[in-house]
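Q: please find the sequence and the predicted model below.
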Amino acid sequence: METFLSIHRDVITGTLSTFDRIIFKGHLLDFFPAQGLPNFLSRQGILLKDFGGYVQATSEELKTHIQQVAKDAGRPYIYLEKNLTAKGEQSKEDRAREIAHQDSVTTGLICVFAVVEPCWTFGVKGNPQTHKLEVRRQFRKCLHFYLYYLDAEFGFIHLRLQSWFPFEIQVYLNGREWLARQLDRRQVAYTRYDNKLTEIADLQVAQDLCAQFVGRKWPRVLKAFAKRVNPLLPRFRRAGLRDYYWVIHQAEYATDVFFNNRTNLSALYPALVTAAMLLFGAEDVMRFLGRKLHG
């Protein structure tokens, strides 16, 4: 990159390095030791033989809460018959943006989607050796809630909450979306196309803001989001469980190069595409998608 910038410095006005799409995931780790969930159930006075009824009731309680969140905000709660990932299907994100546009939503909750998706959860099975019931991890399907917001600070985001134990949560946000709102507050002019800022009046101010984004106290921010949608957390704390443990599940970090005009960029663009095709291969693409390359 440094070599490229040096060679073409006469047609480049500057660069901007920042995070783009980020997905945080929250895990309630105290459920995962071998006796984690059994100990929690014991503190609630729940026997393993009553596990099914208890978790079903807890899941319904969470569903009722999410539906009430949508109702209180006057926004739609929509059950999706199938996950919107098939070819030709409108994605959940695109559908949420369309709803926001149609309903002129400028801040707050846009909508809630409820969809059945695969996940890791828990079940109770008998052990033929000990003749006792045991809690075991299972890969199954359960209802998930996608809450789409136009957040005052972060702009377009979504929170994805699993409706079944262990209630894993996902927070999606976008660094460029955040940056655009910060530039608005400081009245720094910019031109935006989709998720790209194609021109910024003061690149140094923008880069300084991106440094602030990295330095946010993210556990505090994410904890506030989780509190917004999961009413079960106080109950878990009373039972001695810790709050969500947060990890970065996916992140995109990009360096944008700003050219002084479209003509100069167009002249270089074919060479940039050729270089990308020659320098990056299937392994890089698969790693970016979070998958391993194999035969």
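A: Everything's here; your move.
Q: show me what contacts the most centrally placed residue in the chain?
A: In the chain, the residue lying closest to the centroid (CA atoms, centre = their mean) is residue 172, at 2.3 Å. With contact taken as CB atoms under 8 Å, 6 or more residues apart in numbering, residue 172 is in contact with 21, 22, 23, 157, 158, 159, 160. Every residue, glycine included, has its C-beta placed from N, CA and C.
Q: residue 249 is in contact with the first one, correct?
A: Spelled out, that is residue 21. No. Judged on CB atoms under 8 Å, residue 21 makes no contact with residue 249 at a distance of 10.8 Å.
Q: what does the helix or strand containing residue 284 rub up against?
A: Mapping residue 284 onto the secondary structure by DSSP states H and E places it in helix 282-288. Contact with helix 282-288 is made by 292, 293, as judged by CB under 8 Å, 6+ apart.
Q: run the chain-centre distance for it.
A: Between the centre of helix 282-288 and the centre of its chain there are 21 Å (CA atoms, centre = their mean, to the nearest Å).
Q: can I get that helix in PDB, CA atoms only?
A: Backbone C-alpha positions of helix 282-288 (Å, rounded to 0.1, in the frame of the first residue of the first chain) are rendered in PDB as follows:
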ATOM      1  CA  ALA A 282      -9.500 -18.800  -3.200                       C
ATOM      2  CA  GLU A 283      -7.800 -19.400   0.100                       C
ATOM      3  CA  ASP A 284      -7.900 -15.700   0.900                       C
ATOM      4  CA  VAL A 285     -11.600 -15.500  -0.100                       C
ATOM      5  CA  MET A 286     -12.500 -18.500   2.000                       C
ATOM      6  CA  ARG A 287     -10.700 -17.200   5.000                       C
ATOM      7  CA  PHE A 288     -12.500 -13.900   4.600                       C
END
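Q: now it: average pLDDT?
A: Across helix 282-288, pLDDT averages out at 78.
Q: just give me the neighbour total for residue 81.
A: For residue 81, the neighbour count with other CB atoms under 10 Å is 7.
Q: what's the answer for residue 263, then?
A: By other CB under 10 Å, 9 other residues sit near residue 263.
Q: swap in residue 23?
A: Neighbour count of residue 23, defined by other CB under 10 Å: 16.
Q: would you agree it is in contact with residue 252?
A: No. The criterion here is CB under 8 Å, and residue 23 misses it with residue 252 at 9.6 Å.
Q: quick one: low-confidence residue ranges for the stretch 1-150 of the chain.
A: 1, 82-88 (pLDDT under 70).
Q: rerun at 80
A: Applying pLDDT under 80 to the stretch 1-150 of the chain picks out residues 1-7, 82-90.
Q: so residue 251, which of the three states?
A: Assigned with DSSP: H, G, I helix; E, B strand; the rest coil, residue 251 falls in the strand class.
Q: contacts only, for it.
A: 19, 21, 22, 23.
Q: cool, and residue 144?
A: Under the criterion of CB under 8 Å, 6+ apart, the contact partners of residue 144 comprise 114, 115, 116, 117, 119, 160, 161, 162, 163.
Q: now the buried members of these.
A: Among the contacts of residue 144, those buried by neighbour count (16 or more other CB atoms under 10 Å) are 114, 115, 119, 160, 161, 162, 163.
Q: okay, strands next: where are they in the stretch 151-295 of the chain?
A: Ranges of strands in the stretch 151-295 of the chain, per DSSP state E, counting those that start in this stretch, are 155-162, 169-174, 190-193, 196-200, 245-259.
Q: adding mean pLDDT and distance to residue 52, write the ones you listed out as CSV.
A: Below are the strands of the stretch 151-295 of the chain laid out as CSV (pLDDT from 0 to 100; distance: least, CB to CB, whole Å):
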stretch, mean pLDDT, distance to residue 52
strand 155-162, 97, 17
strand 169-174, 97, 23
strand 190-193, 93, 50
strand 196-200, 92, 49
strand 245-259, 93, 27
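Q: tell me the contacts of the nearest residue to residue 18 once chain neighbours are set aside?
A: Closest residue in space to residue 18, ignoring its immediate chain neighbours: residue 210 at 4.0 Å, by CB to CB, 6 or more residues apart in numbering. Contact partners of residue 210, counting by CB under 8 Å, 6+ apart, are 16, 17, 18, 19, 175, 179.
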